[in-house]
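Student: below is the sequence, then the predicted model.
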Amino acid sequence: MGRDMSKEDRQVIIFRPISIFYFILMFLITILLLPFMITAWRIFSYSLKVSPIVVLIVFIASLICSYINIRVGEIRVREPIVVYREISFFGVRWYIPEVRYGTKTIVTVNVGGALIPVLFSLYLLFNVVPRYEANVSIAYLKILVAFTLVTIIVYSVARPIEGLGIATPSLIPPLSTALISLFLYPIYIKTNPFIIAYVSGTLGTLVGADILNLNKIPRLRSPIVSIGGAGTFDGIYITGIMAIFLIWLLI
């Protein structure tokens with residue numbers, strides 16, 4: 001039965017959401033920044049309240065697992081599907097659009113860009129916040145406000161790209177997240193700004209870019225759409241690293 005399974009019926013789909021160059025660039029950013037943060041006692045004595053090794057594993061796993069997408073459903077489409085075929089000739093690459101007539105777009109969830117950040121955020125929300133925050137209700141309120149603001153900002157700049165999915169500018173989510181977290185954390189009673197930044201930044205980017213734009217999928221003319229994958233993975237991933245790093249520099 002497994003041998004008779006068509007490609008369309010497979011539950012796990014492997015493809016890269018970003019170019020090899022961009023993948024290597026983000027890997028180098030991770031390698032360069034995280035060891036620096038691990039050796040800086042201040043950032044982890046007042047940061048995510050999680051072992052530096054665990055944080056390193058989360059970011060590395062997110063990057064590696066960005067290739068893995070779990071199929072969750074499909075959406076019927078009425079327009080021709082656009083597929084970009086890569087052609088390499090004498091070291092130069094061209095992306096040639098091909099129009100294929102199909103009836104559905106496969107919807108997947110990216111493991112590295114959606115599943116891992118969501119699970120880690122839930123761990124921070126329901127394990128770390130209750131244990132370390134002086135006022136849990138205020139902490140949750142600040143995270144909710146930050147999440148809402150980041151979601152609105154990301155939603156306003158997210159754009160549907162035919163043949164790809166929903167794309168967001170890479171730097172807007174981390175910058176807006178850092179500024180919002182810095183503004184909120186000292187209000188009334190100090191709250192851990194790093195947890196505010198990570199949770200609101202990753203979840204806000206995911207919801208603002210992908211979840212709130214699910215109704216646009218039928219018009220994307222793409223054979224496959226990845227939630228937290230192509231178009232938004234870089235924004236989610238960089239937000240997790242850079243928002244924390246920017247706050248550490250500014251505090």
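Tutor: Now that the structure is in, tell me what you want to look at.
Student: ok, which stretches of this structure are strands?
Tutor: Ranges of strands within the chain are 12-14, 68-76, 81-89, 92-100, 104-110, 159-161, 165-167, 224-227, based on DSSP state E.
Student: tell me the mean pLDDT for the fourth one?
Tutor: For strand 92-100, the per-residue pLDDT values average out at 49.
Student: try the last one
Tutor: For strand 224-227, mean pLDDT is 82.
Student: and the fifth one, by the same measure?
Tutor: The average of the pLDDT scores along strand 104-110 is 84.
Student: identify the residues contacting that strand?
Tutor: 8, 13, 17, 65-66, 68-77, 81, 115, 217-218, 220, 222-229, 233 (CB atoms under 8 Å, 6 or more residues apart in numbering). Using the backbone N, CA and C atoms, a C-beta is placed for each residue, glycine as well.
Student: strand partners (parallel or antiparallel) of it?
Tutor: strand 68-76 (antiparallel), strand 224-227 (parallel) (DSSP bridges).
Student: tell me which of those strands sits most buried.
Tutor: strand 224-227 (a mean of 25; mean count of other CB atoms under 10 Å).
Student: next one, pLDDT for residue 220 please.
Tutor: Per the predicted model, pLDDT is 74 at residue 220.
Student: distance check, it against residue 75.
Tutor: 9 Å (CB to CB, to the nearest Å).
Student: do the same with residue 170
Tutor: Remark: distance between residue 170 and residue 75 (CB to CB) = 26 Å.
Student: just residue 142 next, same as before
Tutor: Applying CB to CB, the value for residue 142 to residue 75 is 36 Å.
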